[in-house]
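1. Take this sequence and fold it.
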Amino acid sequence: MSEWRIPLSDLDYGDAERDAVLRVLDSRWLSMGSEVEAFEHEFASRIGAKYAIAVANGTAALHLALVALGLNRQDEVIQPAINFVAAANMTLAAGCVPVFGDIVGIAEPTIDPEQIRLRITPRTRAVIVMHYGGYLTRMGEILDICSEHKLALVEDSCHAVGAHYACTAGKANGRMAGRIGDIGCFSFFSNKNLAVGEGGMITTDREDLADSVRKLRSHGMTSLSWDRHRGHAYSYDVTANGYNYRLDEIHAALGRAQLEKLDGNNRRRSDLSLIYRNELDQIAGCRFAFSDYSGDSACHLAVLVAPDATCRNSVVHALRDARIQTSLHYPYIPWFKAFEAFRGEDLPKSVAFSQRAITLPLFPGLTREAVEGICSIIRQALGAEGK
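-> Numbers count the residues shown, from 1 in each chain. Next up, the predicted model:
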């Protein structure tokens, strides 16, 4: 049993997920097959993409996206310094150089378009944006920059499944996360809005990228075990140096069940986020991340930015004493030992955010009373109760 009275995240699992697993077991086919194909079709339809390719996890999606784009060794890839380390790790795995940019601000921790513009060099080939917490980056401006400089645009949409981009005009308006740039990457890890344990998806409207990703995810082979099982092929060629990044049938079946619940669960996350926002933005010196956001978010994370690092620690300890789990999304990537060669000058807004941010519990089964109780503990820890 968990030591936490209120965990950071929790699964919305029930009969639909149980039936999905049993359906696969009854089929007696576990590796990539009909469930994966159905999941890909349903996911592509859900976000309006021409192609969706299921992969083993979100990290594999990021790696395949960079390789499929044909980046060369030592090409530079501009990306945010506030992100999970997977994007930076996969930049290096693809033989490229991560170039980190600062965020817009502590209340909008997505990469600043002007930071991208400032970091473009003759070696820059791509930009990775990350839709932090399910709130979309300023994609209209970034699309213009990438078009002007002929840069590939990769969307790290691991937090943003189901979110739309809303702006007054332009190519990005009304599109869903994962189909705004050249290629989108999703994660279905256990704490995500669409959770299957491990799994990911790549989306694109470009046939060349889709074809490349399909080959690369399965050793560069021209046919799969599922094709041969159905009698559609009896042998294969290897046309690329690929990887084993396939998704299996059980995870795909779980993904299909979770996809059915996505809209309702995202709405529930939005309702809970609004309670957090109304309660926490009243505390002097605090900001609820994206409190001014007017778009359609997936509301993956609920993040409070405390007045300073000392206040942050006080809140974390008070919640821990109450057996309420918190986290930090994310540490400042250039401070990791593995990235010290790419550190350069510290990016002040990203550093401040990483020292002041607190990720609070957020999941569909969380109650309004629990959120209000969490906010009350935060006010007490900051000496703001009753103010």
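2. got the phi/psi numbers for residue 263?
-> phi -60, psi -50 (degrees, to the nearest 10).
3. Could you check how far it is from residue 47?
-> As judged by CB to CB, to the nearest Å, residue 263 and residue 47 stand 12 Å apart. Glycine gets a C-beta too; all of them are placed from N, C-alpha and C.
4. which neighbours do those two share?
-> Contact criterion CB atoms under 8 Å, 6 or more residues apart in numbering; residues shared by residue 263 and residue 47: residue 162.
5. Comparing the two, which shows the higher neighbour count?
-> Between residue 263 and residue 47, counted using other CB atoms under 10 Å, residue 47 has the larger neighbour count: 21 against 11.
6. For that one, which non-adjacent residue is closest in space?
-> With CB to CB, 6 or more residues apart in numbering as the criterion, residue 47 has its nearest non-adjacent residue at 4.2 Å, and that residue is residue 176.
7. Then residue 260?
-> Nearest non-adjacent residue to residue 260, counting by CB to CB, 6+ apart: residue 16, 6.8 Å away.
8. Unless I misread the structure, the one you found falls within a strand.
-> No: checked against DSSP: H, G, I helix; E, B strand; the rest coil, residue 16 lies outside a strand; its state is helix.
9. For it, which residues are in contact?
-> 257, 260, 261 are the contacts of residue 16 under CB under 8 Å, 6+ apart.
10. hang on, isn't residue 121 packed against residue 76?
-> Yes: using CB atoms under 8 Å, residue 121 makes contact with residue 76 at a distance of 6.2 Å.
11. Which strand or helix spans residue 36?
-> In the assignment (DSSP states H and E), residue 36 maps to helix 34-47.
12. For the following helix or strand past that helix, the averaged confidence score.
-> Taking DSSP H and E as the definition, the helix or strand that follows helix 34-47 towards the C-terminus is strand 51-55. What strand 51-55 shows for mean pLDDT is 98.
13. Neighbouring strands of strand 51-55 in the sheet, and parallel or not?
-> Strand 51-55 has the following sheet partners, assigned by DSSP bridges: strand 200-204 (antiparallel).
14. quick one: low-confidence parts of this protein?
-> 1-2, 167-172, 223-233, 235, 385-387 (pLDDT under 70).
15. How about residue 112: what's its closest non-neighbour residue?
-> residue 104 (4.7 Å).
16. The one you found belongs to a strand, doesn't it?
-> Yes: counting by three-state DSSP, residue 104 is located in a strand.
17. all strands of the stretch 251-387 of the chain, in order?
-> Assigned strands in the stretch 251-387 of the chain, in chain order: 287-288, 302-305, 357-360 (criterion: DSSP state E, counting those that start in this stretch).
18. that older thread, quick one, which of the contacts of residue 16 are buried?
-> 257, 261 (16 or more other CB atoms under 10 Å).
19. can you tell me which of the contacts of residue 16 are in helices?
-> Among those, DSSP state H puts 257, 260, 261 in helices.
20. quick one: contacts for the first one?
-> Residues touching residue 257, when contacts are defined by CB under 8 Å, 6+ apart, comprise 16, 17, 19, 20.
21. which among these end up buried?
-> Counted by 16+ other CB under 10 Å, the contacts of residue 257 give 17, 20 as buried.
22. Out of the contacts of residue 257, give me the two with the largest separation.
-> Greatest spacing in the contacts of residue 257, by CB to CB: 17 and 19 (7.3 Å).
23. so residue 126 sits in a strand?
-> Yes: checked against three-state DSSP, residue 126 lies within a strand.
24. looking at this structure, which residue lies furthest from center?
-> residue 234 (38.0 Å; CA atoms, centre = their mean).
25. element containing that residue, please.
-> Here residue 234 is assigned to no helix or strand, by DSSP H and E.
26. any idea how far residue 179 is from it?
-> On the measure of CB to CB, residue 234 and residue 179 end up 36 Å apart.
27. One more: residue 23?
-> Counting by CB to CB, the gap from residue 23 to residue 179 is 29 Å.
28. Tell me which of these two has more neighbours.
-> More crowded of residue 23 and residue 179, by other CB under 10 Å: residue 179, with 23 against 15.
29. Now do the contacts for the closest residue to that one other than its chain neighbours.
-> Leaving aside its chain neighbours, residue 179 sits nearest to residue 49 (4.4 Å; criterion: CB to CB, 6+ apart). Counting by CB under 8 Å, 6+ apart, residue 49 touches 43, 178, 179, 184, 203, 204, 205.
30. so where do the helices sit in the stretch 151-300 of the chain?
-> All helices of the stretch 151-300 of the chain, identified by DSSP state H, counting those that start in this stretch, fall at 207-216, 225-229, 249-280.
31. Please produce a markdown table containing those helices, extended by distance to residue 309.
-> Formatted as a markdown table, the helices of the stretch 151-300 of the chain follow (distance: least, CB to CB, whole Å):
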| stretch | distance to residue 309 |
| --- | --- |
| helix 207-216 | 41 |
| helix 225-229 | 52 |
| helix 249-280 | 17 |
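32. Relative to residue 321, which of the ones you listed is closest?
-> Proximity to residue 321, assessed across the helices of the stretch 151-300 of the chain by CB to CB, is greatest for helix 249-280 (18.9 Å).
33. Show me what counts as buried in the closest one.
-> 249-259, 261-262, 265-266, 268-269, 272-273, 275-277, 279-280.
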